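Peer 1: quick one: sequence plus predicted model below, questions after.
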Amino acid sequence: MTADIIDGKAFAATVRGKVGEHVARLKEQGITPGLAVVLVGEDPASQVYVRNKGKQTLEVGMASFEHKLDASTSEEDLLALIEKLNADPAVHGILCQLPVPDHINADKVLAAIDPAKDVDGFHISNVGLLATGQKAMVPCTPLGCLMMLRDKLGSLSGLNAVVVGRSNIVGKPMAQLLLRDSATVTIAHSRTKDIEALCRTADIVVAAVGRAEMVSADWIKPGATVIDVGINRVPNGEKTRLVGDVDFASASQVAGAITPVPGGVGPMTIACLLANTVTACCRANGLAEPEGLTA
Ligand SMILES: Nc1nc(=O)c2c([nH]1)NC[C@@H]1CN(c3ccc(C(=O)N[C@@H](CCC(=O)O)C(=O)O)cc3)C=[N+]21
């Protein structure tokens, strides 16, 4: 059997289409959603992201505010910029690219962002709201994964889900979202005993460990749905290529459905960032939330 390939690129285009329609409606009322992205230094993964994001923000009709700061920028100056963006009524979403340089405390930066403008969903207020089942801003990557899972499987109720990876950005919020959809959720990580056997019990595997091609066919239950969050650049002759945390060639022989890298979760992450910005804008203006774009 070979798996269905979940086309994240096409799915993301559909999400962006919906975002664009909402933006057009907001503009008729004199409101233009605005997204501010702050990038400190020159992390290569972040640069890829910023490049794609800036283009797509404008394509859906939103305002884009990019702040590229030198790697030597002080924490104080960064916090001052965030305060300015918090107070700016044209800015509905603020994202500070992670990682930030070592001399800046990332937790402090995330805590400074107005939770209502926190389109990354990383502020502890939003983390707590999500964990307690209240209205939150939901992190973009897990939100994109959830949209693809719901689209593929319909209901997730009662399914066994294993999330490989326990990061604050992906693993933990992904587990919260799966739990909210009534899946039976296990979070696996580097200390998990017999991780392969555990994964083989899963109807849904979400791989978010940051290790190239770690999850192979013998980790996968036949017919399972596999979501690959990994973005790993590996040598490929003279050049490099992008691979996920899943060994796609082998896993796709066993899985029922699988996301590719590139073209899977990555494009959905950016689409969900745009979706979150529209959601934040609607909430800020006391308007109904955009349908089909929230968790
Ligand atoms: N505060 C914050 N929030 C983030 O969400 C965040 C961040 N910081 N820092 C960096 C990482 C990285 N990230 C990516 C998102 C999409 C692609 C993406 O679109 N990837 C394409 C491939 C791009 C290529 O060809 O290189 C794909 O998977 O198809 C990549 C990387 C978001 N991040």
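Peer 2: Received it, and whenever you're ready, just let me know what you need.
Peer 1: pull out the buried residues from stretch 15-31.
Peer 2: Of the residues in stretch 15-31, 15-16, 18-20, 22-23, 26, 31 count as buried by neighbour count, 16 or more other C-beta atoms under 10 Å. C-betas here are computed from N, CA, C, even on glycine.
Peer 1: what residues does this protein put near the ligand?
Peer 2: For the chain, the contact set with the ligand under C-beta under 6 Å from any ligand atom comprises 45-46, 48-49, 52, 95-98, 120, 140, 231, 242, 261-263, 266-267, 269-270.
Peer 1: now render the buried residues of stretch 15-31 as a markdown table, adding pLDDT and secondary structure.
Peer 2: Shown next, in a markdown table, are the buried residues of stretch 15-31 (pLDDT from 0 to 100; DSSP: H, G, I helix; E, B strand; the rest coil):
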| residue | pLDDT | secondary structure |
| --- | --- | --- |
| V15 | 98 | helix |
| R16 | 98 | helix |
| K18 | 98 | helix |
| V19 | 98 | helix |
| G20 | 98 | helix |
| H22 | 98 | helix |
| V23 | 98 | helix |
| L26 | 98 | helix |
| I31 | 98 | coil |
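Peer 1: re earlier: buried subset of the residues of the chain next to the ligand?
Peer 2: Using 16+ other C-beta under 10 Å, the buried ones in the residues of the chain next to the ligand are 46, 49, 95-98, 120, 140, 231, 242, 261, 263, 266-267, 269-270.
Peer 1: one step back: so of the residues of the chain next to the ligand, which ones are in helices?
Peer 2: 45-46, 48-49, 52, 140, 266-267, 269-270 (DSSP state H).
Peer 1: one step back: what's the closest of the buried ones among the residues of the chain next to the ligand to I169?
Peer 2: The closest of these to I169 turns out to be L98 (C-beta to C-beta; 7.3 Å).
Peer 1: check contacts around the closest one.
Peer 2: 46, 106, 169 (C-beta atoms under 8 Å, 6 or more residues apart in numbering).
Peer 1: give me the contact list for the helix or strand of the chain with the lowest mean pLDDT.
Peer 2: Lowest by mean pLDDT, DSSP states H and E among the helices and strands of the chain is helix 44-59, with a mean of 88. Contacts to helix 44-59, defined as C-beta under 8 Å, 6+ apart, come from residues 16, 20, 35, 37, 39, 63-64, 66, 97-99, 231, 233, 267, 269-271, 273-274, 277.
Peer 1: what's the answer for stretch 86-93, then?
Peer 2: 32-36, 63, 65, 85, 94, 112-114, 117, 119, 273, 276-277, 280-281, 284.
Peer 1: follow-up on the earlier one: between the contacts of L98, which sits nearest the ligand?
Peer 2: S46 (4.4 Å; C-beta to the nearest ligand atom).
Peer 1: how close does the closest one get to L198?
Peer 2: Distance, S46 to L198, by C-beta to C-beta, to the nearest Å: 32 Å.
Peer 1: and if you look at R150?
Peer 2: 24 Å.
Peer 1: contact partners for the residue in the chain that the ligand sits nearest to?
Peer 2: Closest contact between the chain and the ligand, by C-beta to the nearest ligand atom, is at G266 (2.2 Å). Contact analysis of G266 by C-beta under 8 Å, 6+ apart lists 8, 231.
Peer 1: ok, how many other residues are close to S167?
Peer 2: 17 (other C-beta atoms under 10 Å).
Peer 1: which SS class is it?
Peer 2: Counting by DSSP: H, G, I helix; E, B strand; the rest coil, the backbone at S167 sits in coil.
Peer 1: so what's it up against?
Peer 2: A208.
Peer 1: all helices of the chain, in order?
Peer 2: Under DSSP H, the chain gives helices at 8-28, 44-59, 75-87, 106-112, 124-131, 140-153, 171-180, 195-199, 248-251, 265-284.
Peer 1: how about the ones you listed in TSV, adding distance to M1?
Peer 2: Below are these laid out as TSV (distance: least, C-beta to C-beta, whole Å):
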stretch	distance to M1
helix 8-28	21
helix 44-59	33
helix 75-87	49
helix 106-112	43
helix 124-131	35
helix 140-153	16
helix 171-180	24
helix 195-199	18
helix 248-251	12
helix 265-284	23
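Peer 1: so which of those helices is the most surrounded?
Peer 2: Among the helices of the chain, ranked by average contacts under mean count of other C-beta atoms under 10 Å, first place goes to helix 265-284 (a mean of 25).
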